[in-house]
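S.K.: Based on what follows, work out the 3D shape:
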Amino acid sequence: MSSFNTISAEKLARLIGTPKCPVLVDVRTDEDFASDPRLVPGSIRRPFAQVADWAHELTGRAAIVVCQKGLKLSHGAAAWLRHAGIPADSLEGGALAWAQAQLPMVPAARIPPLDLQGRTIWVTRSRPKIDRIACPWLIRRFIDPGAVFLFVPTSEVQGVAERFSATPFDIEGEDIFWTHRGEFCTFDVMVDEFGLATEPLKRLAIIVRGADTARLDLAPEAPGLLAASLGLSRMYADDLPQLEAGLSLYDAFYRWCRDATDETHNWPSKKPGA
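M.R.: Just a heads-up that it's a prediction; the model follows:
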């Protein structure tokens, strides 16, 4: 049972991937981080000693602070955040307990460089349908909640990537890392490379792959995702509002994959005289 101003790894794991997840702040020392350069999914790195300087970034949000063992650094930083008016807890046992519980961790080496505002910048083809909505959802929910996505004409993706220090994804090219590999779509690749191959996300990846690569037989839910995705593309002329709407769609599919695959729904009505 969690003590006051702490949260257990099990409870936090239920929050990660949902739109109501608090901001996760990793305050491990550089030495501790170097010993295992992986992050609790969705975490941002901040120096514990400068918490009074960066606390304002979290205004209006709740936070969970992660250090190596869940002791002085996370408790101290969380206390500073509460002093600044930000609800904050410490992760019980810290990053070590999270890793020992064999919960997913994101390799820091796989996260693209951050801009001056601490965000990852991604670029892809305009008029997204499936993979180009699914991948931003995964990134926003498990990698970088503040990630920026640029949608541009296909012919301009590479140039925009170079000039605006953005990471290209879901586009053809021998030097493109985040794209289809064989039978797998870009979402599959991201789930694997980011160390997020949990059962719910692997289940969702099959649905996305079926809808994105015209293999609707891969999962019974794939035709539904395809229909909803194409419907959204007709509803929105602007890619960014479509992305925001699509995030809710994938939130629902993820929660089904995680919590509701065994649930059915029917409306049995008794026949007269039954």
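S.K.: which stretches of the stretch 101-250 of the chain form strands?
M.R.: With strands called from DSSP state E, counting those that start in this stretch, the stretch 101-250 of the chain shows them at 106-107, 121-125, 148-152, 167-168.
S.K.: Pick the most deeply packed of those strands.
M.R.: strand 121-125 (a mean of 23; mean count of other C-beta atoms under 10 Å). (C-beta placed from N, C-alpha, C; glycine too.)
S.K.: Kindly list the longest helix within this protein.
M.R.: In terms of residue count, the longest helix belonging to the chain (DSSP state H) is helix 239-255.
S.K.: what's next to that helix, contact-wise?
M.R.: With contact meaning C-beta atoms under 8 Å, 6 or more residues apart in numbering, helix 239-255 is reached by 17-19, 126-128, 133-134, 136-137, 140-141, 149, 151, 200-201, 204, 207, 221, 225, 228-229, 232-233, 235-236.
S.K.: repeat that with 6 Å
M.R.: For helix 239-255, contacts defined as C-beta atoms under 6 Å, 6 or more residues apart in numbering pick out 19, 126, 133, 136-137, 151, 204, 228, 232, 236.
S.K.: and those residues, which are buried?
M.R.: Burial by neighbour count, 16 or more other C-beta atoms under 10 Å: within the contacts of helix 239-255 this picks out 133, 136-137, 151, 204, 228, 232, 236.
S.K.: Which of the residues you listed fall in helices?
M.R.: Counted as lying in helices by DSSP H, out of the buried ones among the contacts of helix 239-255, are 133, 136-137, 204, 228, 232.
S.K.: Count the neighbours of residue 109 for me.
M.R.: For residue 109, the neighbour count with other C-beta atoms under 10 Å is 8.
S.K.: out of everything not next to it in sequence, what's closest to it?
M.R.: In space, and not counting its chain neighbours, residue 109 is closest to residue 37: 6.7 Å by C-beta to C-beta, 6 or more residues apart in numbering.
S.K.: nearest residue to residue 197 other than its sequence neighbours?
M.R.: Leaving out its chain neighbours, the residue that sits closest to residue 197 by C-beta to C-beta, 6+ apart is residue 191, at 5.7 Å.
S.K.: Tell me which residues touch the one you found, please.
M.R.: 197, 201, 205.
S.K.: ok, back up a step: the residue nearest to residue 109 and residue 59: what is the separation?
M.R.: Note on residue 37: its distance to residue 59, by C-beta to C-beta, to the nearest Å, is 29 Å.
S.K.: Those two - which one has more neighbours?
M.R.: Set residue 37 next to residue 59 and count neighbours by other C-beta under 10 Å: residue 37 wins out with 14 against 9.
S.K.: Which pLDDT value belongs to that one?
M.R.: At residue 37, the pLDDT value in this model is 98.
S.K.: That one touches residue 108, doesn't it?
M.R.: Yes. In terms of C-beta atoms under 6 Å, residue 37 counts as a neighbour of residue 108; the distance is 4.5 Å.
S.K.: Would you mind checking the contacts of residue 191 for buried ones?
M.R.: Neighbour-count burial (16+ other C-beta under 10 Å) applied to these gives 201, 205.
S.K.: Include distance to residue 173 when you put the contacts of residue 191 into TSV, please.
M.R.: TSV is the format used below for the contacts of residue 191 (distance: C-beta to C-beta, whole Å):
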residue	distance to residue 173
197	25
201	26
205	22
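S.K.: Now flag whichever of the contacts of residue 191 is closest to residue 8.
M.R.: residue 201 (21.2 Å; C-beta to C-beta).
S.K.: Give me the distance between the nearest residue to the closest one once chain neighbours are set aside and residue 110.
M.R.: Spatial nearest neighbour of residue 201, excluding adjacent residues (C-beta to C-beta, 6+ apart): residue 191 at 5.2 Å. Distance of residue 191 to residue 110, given as C-beta to C-beta: 12 Å.
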